[in-house]
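A.B. asks: next comes the sequence, and after it the predicted model I'd like to discuss.
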Amino acid sequence: MSQKRTLDSFFQPQSKRKKDESDAAAKPIKTTQHNDYPFPIPYFSESLVQDISECPRKAGKPMNNEPDLDLLYFQPFTTASLAKALFTFLRAELPFYRVEYNIKRAGIDTHIITPRWTTVFGLDDTCRFDDEGLPVDATTGVRVDDKRYKKYHPRPIPDCLASLQRRTEDATGCKFNFCLVNYYASGTDSISYHSDDERFLGQDPAIASFSLGAQRDFLLKHKPQTSLTDGPPAKTLKLPLGSGDMILMKGKTQSNWLHSIPKRTGKNVEDGGRINITFRKAITREGTENYYNYNVGVGTVYKWDSIAREMKPWKRGNENA
Ligand SMILES: O=C(O)CCC(=O)C(=O)O
Ligand SMILES: [Fe+2]
């Protein structure tokens, strides 16, 4: 019988732990494990799960006063203390990547180094994970051997992020199957103007987007109008997203608007970092392939080093160093 690939288990106490460490430090931590995680990912504590279950305290505010814009702004979704705890936990416990790839830009081969740390978990709607953690057809339950799952193996959303996902689904009435995480270590990290309007998300996708940590501006601008008769260009909107805020982007937003997190300069560069979590629903296998390609890639795994206070390359066998 093959060994279970997904195990929600109790992590073994670390072998290098000194004998005189407190009982609290020696307490086993419950983790989600998977063959395609570089390391086990701890569960949130019971008190964090309880705090999440009490969010949001207030309904989201609709923002639909611009053409084709359809947002629900939870300002905030979580309390400030929960947002801080989530930020600290996720930065320390998730594997991150600095993905590099080549594209043709204005006809010229260009090497892109993604200007932020990224990670992703999930699987499109055509499949689900079986209890060995492998993709099976969502309706027949038969193992799926698809080239789109070969280069990067899909991996399930760990229990910690799944508890935030469930609360988000209940609060919005939307269903999600992917969780993308961005870590902007400082003001020099950014995401340029884009729309999340890929075909693999279907028409009018709903995307829930959380902000944790430093406040950063979220800019929105209407896509260029196709003809002069379409009216004057809509103005750029600036949402100064704070820790614990969540925006649900829905309806015609992705097909008509671009969004970005611009770089910050001068005294605003060192801001302590910001984490963005998005929950989305991919409906085809191209979505799975695309998300792992651009958010995990084939490069080095990094993990937060709380002493050096930066991401450090992570190597198997070095866990307790
Ligand atoms: O960091 C953010 O708020 C935006 C992230 C984003 O737009 C994306 O990951 O597609
Ligand atoms: Fe986006």
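C.D. replies: Received it, and whenever you're ready, just let me know what you need. Ligands and ions are numbered 1, 2, ... in the order given.
A.B. asks: CA only for contacts and neighbour counts going forward, please
C.D. replies: OK.
A.B. asks: just the helices in the stretch 1-150 of the chain please.
C.D. replies: In the stretch 1-150 of the chain, the helices defined using DSSP state H, counting those that start in this stretch lie at 23-26, 46-53, 80-93.
A.B. asks: revised request: answer the last question for the stretch 201-321 of the chain.
C.D. replies: For the stretch 201-321 of the chain, applying DSSP H, counting those that start in this stretch gives helices covering 253-256, 285-295.
A.B. asks: of the ones you listed, which is nearest residue 141?
C.D. replies: Across these, residue 141 has its closest neighbour in helix 285-295 (16.0 Å, C-alpha to C-alpha).
A.B. asks: which residues are in contact with that closest one?
C.D. replies: With C-alpha atoms under 8 Å, 6 or more residues apart in numbering as the test, helix 285-295 has contacts from 97, 99, 118-120, 122-124, 126, 148-149, 152, 154, 180, 200-201, 282.
A.B. asks: which ones among the residues you listed are found in strands?
C.D. replies: Counted as lying in strands by DSSP state E, out of the contacts of helix 285-295, are 118-120, 122, 180.
A.B. asks: of those, which is the most crowded?
C.D. replies: Highest neighbour count within these: residue 120, with 27 neighbours (other C-alpha atoms under 10 Å).
A.B. asks: got the contact list for that residue?
C.D. replies: Shown in contact with residue 120 (C-alpha under 8 Å, 6+ apart): 178-181, 291-292, 295-296.
A.B. asks: wait, which of those residues is closest to residue 163?
C.D. replies: residue 179 (11.7 Å).
A.B. asks: what is the burial count for the closest one?
C.D. replies: The tally of other residues near residue 179 (other C-alpha under 10 Å) stands at 24.
A.B. asks: quick check: beta-bridge partners of it?
C.D. replies: residue 121, residue 279 (DSSP bridges).
A.B. asks: repeat that for residue 100.
C.D. replies: Here residue 100, judged by DSSP bridges, has bridge partners residue 113.
A.B. asks: ok so, going back, dump the contacts of residue 120 into JSON lines; add pLDDT and distance to residue 165 as well.
C.D. replies: Below are these laid out as JSON lines (pLDDT from 0 to 100; distance: C-alpha to C-alpha, whole Å):
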{"residue": "178", "pLDDT": "99", "distance to residue 165": "9"}
{"residue": "179", "pLDDT": "99", "distance to residue 165": "8"}
{"residue": "180", "pLDDT": "99", "distance to residue 165": "11"}
{"residue": "181", "pLDDT": "99", "distance to residue 165": "13"}
{"residue": "291", "pLDDT": "98", "distance to residue 165": "18"}
{"residue": "292", "pLDDT": "98", "distance to residue 165": "19"}
{"residue": "295", "pLDDT": "98", "distance to residue 165": "19"}
{"residue": "296", "pLDDT": "98", "distance to residue 165": "20"}
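A.B. asks: any chance of the residues you listed in CSV, with distance to residue 237 too?
C.D. replies: What follows is the contacts of residue 120, written out as CSV (distance: C-alpha to C-alpha, whole Å):
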residue, distance to residue 237
178, 27
179, 25
180, 24
181, 23
291, 27
292, 30
295, 27
296, 30
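A.B. asks: pick out the most distant pair among the ones in strands among the contacts of helix 285-295.
C.D. replies: For the ones in strands among the contacts of helix 285-295, the farthest-apart pair by C-alpha to C-alpha is 118 and 122; their separation is 13.9 Å.
A.B. asks: tell me how many other residues crowd the closest residue in space to residue 235 that isn't next to it in sequence.
C.D. replies: Nearest residue to residue 235 in three dimensions, chain neighbours excluded: residue 221, at 6.5 Å (C-alpha to C-alpha, 6 or more residues apart in numbering). When neighbours are defined as other C-alpha under 10 Å, residue 221 has 19 of them.
A.B. asks: equivalent analysis for residue 186, please.
C.D. replies: Look at residue 186: counted by other C-alpha under 10 Å, it has 19 neighbours.
A.B. asks: OK, contacts around it?
C.D. replies: 269-274.
A.B. asks: which one of these has the most neighbours?
C.D. replies: Top of these by neighbour count (other C-alpha under 10 Å): residue 274, with 22 neighbours.
A.B. asks: that residue pairs with what?
C.D. replies: As for beta bridges, residue 274 partners with residue 184, residue 213 under DSSP bridges.
A.B. asks: quick check: it vs residue 84, distance?
C.D. replies: Distance, residue 274 to residue 84, by C-alpha to C-alpha, to the nearest Å: 10 Å.
A.B. asks: returning to that earlier point: go through the ones in strands among the contacts of helix 285-295 and name the one nearest residue 318.
C.D. replies: Checking these against residue 318 with C-alpha to C-alpha, the nearest one is residue 119 at 20.4 Å.
A.B. asks: for the closest one, what are its contacts?
C.D. replies: Contacts for residue 119 (C-alpha under 8 Å, 6+ apart) come out as 94-97, 180-182, 295-296.
A.B. asks: likewise for residue 278?
C.D. replies: Taking C-alpha under 8 Å, 6+ apart, one finds 178-181, 207-210 in contact with residue 278.
A.B. asks: save the residues you listed as TSV, and put in distance to residue 308 too.
C.D. replies: Conversion of the contacts of residue 278 to TSV gives the following (distance: C-alpha to C-alpha, whole Å):
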residue	distance to residue 308
178	31
179	27
180	25
181	22
207	34
208	32
209	29
210	26
